[in-house]
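Enquirer: structure, please.
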Amino acid sequence: MTNTDFNTDFVPLTVDPDKIYDYSFSIIKEEMGEHNFTDEQWLVVRRVIHASADFELGRSMIFTDDAIEAGIQSILAGRHVIADVQMIESGSGRKRFQKHCGDLHCYIADEDVSKEAKEHGVTRAIMSMRKATKLHEGGIYAIGNAPTALLELIRLIKEGLAKPDLIIGMPVGFVSAAESKAELALLKGIPFITNEGRKGGSTVTVAALNAISIMADERAKQAK
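Expert: Now for the predicted structure:
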């Protein structure tokens, strides 16, 4: 049996992983057609589409003008990345953050977070945001699962208790997901990346985060 013989009627174009990426991005570019994203924004959008196979989600993405540059500078400055759930922590290329003296953290499973959430009758996601903003100055907040985490982060920002360098807020779901992202889209003074509607999730949030960290790596290489 050869490496391309699956004993099926279908024959894949290639089993070379690099070529699979190239083919995928080529298909995405062709099927996406015309759009209004900048070149750098498109690098994020195409990875989100690649991760989700969802062009509607990709077209619904919203960026502040300074979002990508803010994310790049945050990573290069060694600021930390805060995730709402562990799926983002495991899916991101954290070595790229560590290379620049930052790291990725998720506090939702911490015992003190769970205890305080029960005491206050709120979600662990809310308490994890309160803990994170006390421990870290600035940084990138990547929220792909918990709308309550995003709403709490917005509240902390409005009350002057947090000032992230960038928010990637793309939670998925039927309860408060679309509404939390609509609130983020109204936020002033903080760079953000989000999307409209119920779609989103940890996978696409990781895709956006990885796209920015790859750009940060390339910027660092160019500076040498």
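Enquirer: okay, now the unreliable bits of this protein?
Expert: The chain contains residues with pLDDT under 70 at 1-7, 11-12, 14-15.
Enquirer: contact partners of the longest helix seen in it?
Expert: Counting by DSSP state H, the longest helix found in the chain is helix 202-223. Residues from elsewhere that reach helix 202-223, judged by Cβ atoms under 8 Å, 6 or more residues apart in numbering: 40, 43-44, 47-48, 50-52, 57, 68, 71-72, 75-76, 81, 85, 87-88, 91-93, 96-97, 99-100, 140, 142-145, 166, 168, 170, 172, 193, 195. Backbone N, C-alpha and C define where each C-beta goes, glycine included.
Enquirer: buried stuff in that helix?
Expert: The neighbour-count check on helix 202-223 (16 or more other Cβ atoms under 10 Å) flags 202-217 as buried.
Enquirer: on that earlier part again, mind giving me the PyMOL command for buried ones among the contacts of helix 202-223?
Expert: Selecting only the buried entries of the contacts of helix 202-223 in PyMOL, with 16+ other Cβ under 10 Å as the criterion:
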select buried, resi 40+43+44+47+48+50+51+52+57+68+71+72+75+76+81+85+87+88+91+92+96+97+99+100+140+142+143+144+145+166+168+170+172+193+195
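Enquirer: and the contacts of helix 202-223, which of them are in helices?
Expert: Per DSSP H, the contacts of helix 202-223 map to helices at 40, 43-44, 47-48, 50-52, 57, 68, 71-72, 75-76, 87-88, 91, 96-97.
Enquirer: contacts only, for I88.
Expert: L104, C106, A142, G144, N145, S202, T205, V206, L209.
Enquirer: the same query, at a cut-off of 10 Å, please.
Expert: When contacts are counted by Cβ atoms under 10 Å, 6 or more residues apart in numbering, I88 touches 81-82, 94, 104, 106, 142-145, 168, 201-203, 205-206, 209.
Enquirer: likewise V175?
Expert: Applying Cβ under 10 Å, 6+ apart, the residues contacting V175 are P147, T148, R198.
Enquirer: now those: which count as buried?
Expert: Buried members of the contacts of V175, scored by 16+ other Cβ under 10 Å, are P147, T148.
Enquirer: please, where are all the strands along the protein?
Expert: 61-63, 81-83, 104-106, 140-143, 166-169, 192-195 (DSSP state E).
Enquirer: need the ones you listed in a markdown table (columns: distance to I27).
Expert: A markdown table is the format used below for those (distance: least, Cβ to Cβ, whole Å):
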| stretch | distance to I27 |
| --- | --- |
| strand 61-63 | 19 |
| strand 81-83 | 29 |
| strand 104-106 | 30 |
| strand 140-143 | 27 |
| strand 166-169 | 25 |
| strand 192-195 | 21 |
